[in-house]
Each structure stands twice: as structure tokens, then as C-alpha cells.
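K.L.:
Have a look at this prediction, sequence included:
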Protein chains: 2
Amino acid sequence: MMTMLLDECKKLKMASKKLAIANSKEKNQALREVIISIKEDTDYILEENAKDVKTARESGMKESLIDRLMLNKQRIDGIIESIENIIEARDPVWRSNDVWTMENGLVISKMTVPIGVIGIIYESRPNVTVDAFALTLKSGNCVLLRGSSNSLNSNRALVRAIKKGLKNSTISEDVIGFIDDEDRQIVREMLTCNEYIDLIIPRGGKNLINMVVQNATVPTIETGEGNCHTYVDSSADLKKAVDIIENAKVQRPGVCNACETLLVHEDIAKDLLPMVVDRIGKLVEFRGCQRTQEIIDVKPATEEDWAEEYLDYILAIKIVKSTREAIDHINKYGTQHSEAILTEDITSAKLFRREVDAAAVYVNASTRFTDGGEFGFGGEMGISTQKMHARGPMGLNELVTVKYTIAGDGHIRG
Amino acid sequence: MMTMLLDECKKLKMASKKLAIANSKEKNQALREVIISIKEDTDYILEENAKDVKTARESGMKESLIDRLMLNKQRIDGIIESIENIIEARDPVWRSNDVWTMENGLVISKMTVPIGVIGIIYESRPNVTVDAFALTLKSGNCVLLRGSSNSLNSNRALVRAIKKGLKNSTISEDVIGFIDDEDRQIVREMLTCNEYIDLIIPRGGKNLINMVVQNATVPTIETGEGNCHTYVDSSADLKKAVDIIENAKVQRPGVCNACETLLVHEDIAKDLLPMVVDRIGKLVEFRGCQRTQEIIDVKPATEEDWAEEYLDYILAIKIVKSTREAIDHINKYGTQHSEAILTEDITSAKLFRREVDAAAVYVNASTRFTDGGEFGFGGEMGISTQKMHARGPMGLNELVTVKYTIAGDGHIRG
């Protein structure tokens, strides 16, 4: 293993033992020091971020992705607010809602404990650097960060501020590790570093996630790929539907919970589709199925469109005959992230809610709500799109594992 | 992929969609039919098992492992009782203990849902075949079984009985798949079959688990390797201690929660060790550290002994200076399975309980209790020794994942 990675790992492993049993007061005080430090360093962080944005723009990055990369005073305030929320949140460590007594008198307590060292491999969003740190710290875990080369300057500046803050606290600055190197080989090594890393969370697009899944021997939680659908049932309130479609598609098209395909029940397609064009047609490119093409002026959609996560001002549209057909389409092409039905019919809502296989299933709301903040988790580590350990937004409660403690009085098994 | 595996996988995937939404009544009725069928087939199952036991004995398998392989009328009764417990247990699907309403009125429900298709790769115990089937069925999951070649005849007979039972129920016999082939290449293919298998659980020794972890791209839960310790503190009640050590070591030495190393506080070593020799010295071979060798007549322990899971009538013994030293030894050599402290001192108990990093930590009880049945789970799928998704005995509640359902009324994100 590369010396730099090995050194970081050893420091993290060592620091994780102390951090696992640190109390809430110590952890919250450390987070407060980090806020002070980020405030002090704001100008420096923005300067470094501007370098990254400049390079990205010169390399021709899409504006929706540059939006994800860019920091400004307001977004720094958002980052700080996020840490404040995490300070306010309940410490997830050494809690239980499950203690029971067996017939023989053994008292079994299912207690939460930190996972250990968590590696994060993420793409351009620099706010992830701080969110990941604050969430792992509060949950008693050390974190090893490997950001994208696009945001290397921003991340370096943020990590510098975090470590500076920790130095004023009782928590070791070694609880955060940062891979300040663009070499991709390091990522491969992280993925097989079972001795030091307990969990790896990739945050990013399909290619990153596939690479991680194919190569990791460390347990992983896949996050973020979102080919999300909004299905408008025949009984839907069309005015609300247009509001929701607009919100799901254009409020922030570069994020994973944005809507990529609109499914429309055939009975209301002629009414709804022109309303959608009126509302967002100037911003959004539509790609429609054969029947959609007969109603509005759209490019034809290909088979690839149904599976694509555009992360852009593009919307695929398909007309379906029933809620059943909508569910089958979603279960075939979706990425099990966030799916919505807009309906006034209780039977359709029930069927969709039960049978769509996804982390978050909405009835009459925008898929944009799939987010740790919007769910009241005080932040998130990513949105799990797989089924192990955590599914959906991963907040503090998803960053712990359990330990059963069993109290006896000389008990032996019969 | 081999045709046989692909065929099984396709049938399982198809069956899993229906099973996921089957109700408890249907699932319990199917389990009752399976009980009837196993009762009918008991003689045949025992005949087939006798073939496996004969072959194993001829090949020189250790008696403690043959004990794991062998079935008899009593153990068939145990298997049936296990299914009955699972019928009695609460259906873990589509439940929630977490529903909340956000300020904006969105109602978020964190619901349990089945995982999908679960692959089990397991060593000699044939009761696992039935336990795994019954637990996965009740939790709405399909199961693909790959047993050891040592128990191929037993498993084939059990799966035949299960499928016969299912034919008399409304649940498809395709919910259980069985790899009736000793070819090891099939295991490799299972491990990368992400399209059809959602989770793989290896149950067995170190080599099996390592092979799975190194080669799987499907998420896995490691189970079973248990290098378990019993630490006797200076304040321990020595009479209770000897009872617990006997139980943890010799009641069933071939299983993962048996004690492999005894740690003894130096202050009571001279009193305790002769008592241990008196109680189990005829059955058990001891391997001791230097200081142990000065008190009782034992073979010297080597560095390897501290790390070894004997699964046999062998016990390593080490004298330590403090609870702290015991904890450090356990966290260095243990497999994070089950660890016990025997003490009357509240501070030692607290320290041990909090700082030992393991799935199950005992105070004044035998490590042998780490078991789904003993924890009241009505059966188990194995004992997870890793930290993701589940840790410790995996019962019905560990075989589900979650789906957030969100009910709105035209909600859009601001």
C-alpha cells in the first residue's frame, strides 16, 4: 500500500478508538470550534474554490455540474448551518430502543456503537467534505476523504479549516484524513484496505459507483444514482401535478433526486402535457414516446432515454395505460432512488407505495424531498440506493452499528 | 454464467416479487405445509444424512464437526420446532416504529420491506438449510442455497421435502433455489451475480469467509468466525466462573460461540486455574502463557494460539494484569463475535461492556448464548461478525431493508 495512505489509515484507526467513547459534550465542542475556524477561513476557502470553478469551466464542465461545485458566502452559511444542525441533533451512540429480559433472566440490550473508520469517495460537491466530517464525528466515526480532483483546492482548504478547529478541542485532528493526491491508484487501494477501513461510501455517478462495487472488498454502501420518475395518474389534480413536475425537474436538475422521466396516464395526457410544455418548455428539452409525440412537439425518446440519469434540463416522457404499467416501468428502469405518484385515488396510491421498489416512494409530493435535511435528519452522508445497512438518506442514525450487551449472574446455556 | 445457476436465479427473481407482498397468513400456511412434509420424509432424510455422516467419518472428519453434520429424530424435531417458532414470530415486513410529520406537513414512514433474493453459502450443518428457508420465507425473501459437499445428500433431501410442502400452499416452490452441484466455480459465479442476488451470507470457517469477501461484488454479511474469550476478573465469583468456563468451552466446542481463550486476572490465577483443570482437564487440552505454565501443567501457547478458532476440545489460557489488558488482548486477537467478563466489580463490567469491540459482550454469562434462539428471535440466519446491516444473531428483523414512503398533498421543495 502507498505510504501516504497507510499513514493516514494508521492514524485514523488509532484515533477511532478514542473517538468511539468520546462523549457528546466533547464532540459538540469540537464541532463548534470547527464552525469558528470555517468562518475565519471563509475568504480563503472561497478563493480556493474559485480556482476549481475556473478550471472546471475552462475544461467545459456542464453548468449544472458547476453549480454543484461552486461555493459562495451563502453556501458557506449553509455548510455552517448544517454543522449547527448536527450539533443540535441527538448523539446516536450508545443508545437503545431495544432492551429485553429472557425467561432465564438474561438482560439483553441492543446498543448503538460507532462503525469505526469510514471512507468517502465523492465527486464535485465540496459541502460533502464538511457534512461527511461533521456527521462521522458526531456518530463517533473517523473519516477518510477522497474528493474529486475537480474540487481538490476547495476540499484542501476546508480540511485545513476543520483540522485547525479540532486543534482547539479535546478531539484529535487525526479523526479526519484527507487524500491530497489525484492518483487513482489510491482509490483502488482504499477499496481493499479491510484492515483499517470499515465502510466505504461512494457518492457520485454510475461509473464511480460501478468501479467501487467491482473492486471493493471493504463493505460499501452505494449512493446517489437517481433515475427518478414522476407518474401522473388519471385521477391526479393537474394543477398540483404541474407544480410538482416543475419542482422535481428544474429546481436543481444536477442532483440525484431530480425527476428524469415523466410517466403520464393516457386518460389525462392530452390535458397535462401541454400544461407541462407551457410551464417548463422554455427551459427543458423533452424526449417522448410515440404517443407523446402525437400530443406535443418533442424529440423521440430511445430505449436509452428510459435508463438515463440526465442531471440536466432534459425530461423523458412516456404515456402509460395504468398504474400497474407505471410501476413495472419504474421497477425495470429505475435506480431504486425516489419515485412519485400523483393521484387522488387511494387504491392507486396504495399499490404504488407498496410495489415500487425504491428507497423513497412519494404520494403527491416532489421527489426533491429525498434528503437528510428535508427528512429532519440534520444532514446526510449520501442517499443509499442499495438495500444493505441503510437505504435512502443516511443521517447520524445510519452511521452506527450495534453491540448486544448481555447481563447475567452466572448464566450457563442448558 | 452457468445455465443451471442462471435458471435458478431467474426463477428466484421472478418469485421474489410475489413473495415480497405475500401476507402473513399465506406465508405461515406454507411453513405449516413444510412441517408436514418434513415429518413425512423424516426416515428418508435420516437415511440420506447417514450417507453423508458415513462419508465424512471415512474421510477422517473431526468428531466435533461430525456432530454438526449429524441429524437424528431429535434434531429433526428441533428443526420442526424452529419452523414453529418462526410461524409464531411476528411478520417483519411492512412494519414501522418510525413515522413522523415534518413542519411542512409531509408524513414520512420508514417501512420494512424484504431484501429480495438472499444467497447462503454454508458448511456442514444441514439444519441451516431449513432455518435459512423458513426465515427468508417469513421475511418475504427468496433464498438460494449452496451447502457443503459434505452434506449434499442431507440438503437435497431437505430441499425436496420443502418444495413438496410448498406445492400444497399458495407460495411458489420457486422461492427456494438449491445448487445441487459440488463445482466450486458456481460459488464464484454466485458472488458476482449482482443482477439477481441482493445479499450473500457465508456461514462457515475463515477460509470460506475470506474467499467470499475477496471475490464478491454482491453485498455480503460475514458470519460465524468466533475466536471468543472469557475473562475472569480479580473480583469474580470463582464458583460461577468455573461453571461458565465449562459451559462455554465444552458444551458444544464445534460451534462459533464456544470459548477459545481464557483470560485470567493475575490475582486469582492461582486459585482459579486448578479449579478449571479439575473440572474440564480430562476433556480439554490446555495451552498456556508462561505464567500459566508456572501454575498448572499445560503445553506452551504460541502467538498463533491467541488467534485460533479451535472448534475443538482445546483452550488457550493467558494471565493478564488488568481488565484493560484483557480488553486490549481481545480487541487485538478476537473476531468481534462474543466476549465475556466474569466480575463482581461494576467499574470493570462497565469498561469491558463499553470498550470491547464485538457483536455480543457478556457480563457474568457464557458466550454460548449468542444465538438467535437464545436471544428470542425464533431462529437465526447466522451470526454477523461484521458491522454492516446486522451484527450478532440475524433473525427475521435483520432480513429486511427499509423503504421510506412519503405522503404529501402537492408538496414542492422550496
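P.N.:
Yep, that arrived.
K.L.:
Tell me where the stretch 251-400 of chain A has strands.
P.N.:
Assigned strands in the stretch 251-400 of chain A, in chain order: A:259-265, A:285-288, A:299-300, A:314-320, A:338-342, A:360-365, A:383-384, A:392-393, A:400-411 (criterion: DSSP state E, counting those that start in this stretch).
K.L.:
and of these, who's closest to B:I45?
P.N.:
strand A:400-411 (33.4 Å; C-beta to C-beta). Glycine gets a C-beta too; all of them are placed from N, C-alpha and C.
K.L.:
Run through the neighbouring helices and strands of the closest one.
P.N.:
Using 3 or more C-beta pairs under 8 Å, 6 or more residues apart in numbering or on different chains; DSSP states H and E, the elements in contact with strand A:400-411 are strand A:107-114, helix B:238-250, strand B:360-365, strand B:392-393.
K.L.:
switch the cut-off to 6 Å
P.N.:
Counting contacts by 3 or more C-beta pairs under 6 Å, 6 or more residues apart in numbering or on different chains; DSSP states H and E, strand A:400-411 is packed against strand A:107-114, strand B:360-365.
K.L.:
contact partners of the next helix or strand after the first one?
P.N.:
On the C-terminal side of strand A:107-114, the nearest following helix or strand under DSSP states H and E is strand A:117-122. Taking C-beta atoms under 6 Å, 6 or more residues apart in numbering or on different chains as the criterion, the residues outside strand A:117-122 that touch it are A:12, A:16, A:128, A:132, A:136, A:141-147, A:190, A:197-204.
K.L.:
What residues does chain A have near chain B?
P.N.:
By the rule C-beta under 6 Å from any C-beta of the partner chain, the part of chain A lying against chain B is A:115, A:198, A:213-214, A:217, A:219, A:240, A:243-244, A:247, A:353, A:360-366, A:368-369, A:387-389, A:391-392, A:401-402, A:404-413.
K.L.:
So among those, which ones count as buried?
P.N.:
A:115, A:198, A:213, A:217, A:219, A:240, A:243-244, A:247, A:353, A:360-366, A:368-369, A:387-389, A:391-392, A:401-402, A:404-408, A:410-413 (16 or more other C-beta atoms under 10 Å in any protein chain shown).
K.L.:
Can you tell me the closest non-neighbouring residue to A:C9?
P.N.:
Counting by C-beta to C-beta, 6 or more residues apart in numbering or on different chains, A:C9 lies nearest to A:Y196, which is 3.7 Å off, once chain neighbours are set aside.
K.L.:
would you turn the strands of the stretch 251-400 of chain A into a markdown table with mean pLDDT?
P.N.:
Formatted as a markdown table, the strands of the stretch 251-400 of chain A follow (pLDDT from 0 to 100):
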| stretch | mean pLDDT |
| --- | --- |
| strand A:259-265 | 98 |
| strand A:285-288 | 98 |
| strand A:299-300 | 98 |
| strand A:314-320 | 98 |
| strand A:338-342 | 98 |
| strand A:360-365 | 98 |
| strand A:383-384 | 93 |
| strand A:392-393 | 96 |
| strand A:400-411 | 96 |
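K.L.:
Next, count neighbours for A:E294.
P.N.:
Using other C-beta atoms under 10 Å in any protein chain shown, A:E294 has 13 other residues around it.
K.L.:
Revised request: answer the last question for A:E47.
P.N.:
Neighbours of A:E47 under the rule other C-beta under 10 Å: 13.
K.L.:
Is it part of a helix or strand, or is it coil?
P.N.:
At A:E47 the chain is in helix, as set by DSSP: H, G, I helix; E, B strand; the rest coil.
K.L.:
Which pLDDT does the model give it?
P.N.:
A:E47 carries a pLDDT score of 98 in this model.
K.L.:
Domain parsing of chain A, as residue ranges.
P.N.:
Domains of chain A are assigned by automatic domain parsing as A:3-223+A:381-407, A:228-369.
K.L.:
need the contact list for A:K240.
P.N.:
If you count contacts by C-beta under 6 Å, 6+ apart, then A:K240 has B:G410 around it.
K.L.:
between the domains of chain A, which gets nearest to B:I38?
P.N.:
Of all the domains of chain A, domain A:3-223+A:381-407 comes closest under C-beta to C-beta, at 26.9 Å.
K.L.:
now the end-to-end length of that closest one.
P.N.:
Length of domain A:3-223+A:381-407, first residue to last, C-alpha to C-alpha, to the nearest Å: 44 Å.
K.L.:
and the residue nearest to A:I314 when sequence neighbours are not counted, how many neighbours does it have?
P.N.:
The shortest distance from A:I314 to any non-neighbouring residue, by C-beta to C-beta, 6+ apart, is to A:E285 (4.8 Å). For A:E285, the number of neighbouring residues by other C-beta under 10 Å comes to 13.
K.L.:
Could I get the strands of the stretch 251-400 of chain A in JSON lines, plus columns for distance to B:S24?
P.N.:
Output for these, formatted as JSON lines (distance: least, C-beta to C-beta, whole Å):
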{"stretch": "strand A:259-265", "distance to B:S24": "32"}
{"stretch": "strand A:285-288", "distance to B:S24": "43"}
{"stretch": "strand A:299-300", "distance to B:S24": "47"}
{"stretch": "strand A:314-320", "distance to B:S24": "32"}
{"stretch": "strand A:338-342", "distance to B:S24": "26"}
{"stretch": "strand A:360-365", "distance to B:S24": "22"}
{"stretch": "strand A:383-384", "distance to B:S24": "27"}
{"stretch": "strand A:392-393", "distance to B:S24": "25"}
{"stretch": "strand A:400-411", "distance to B:S24": "26"}
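K.L.:
Cool, thanks, talk later.
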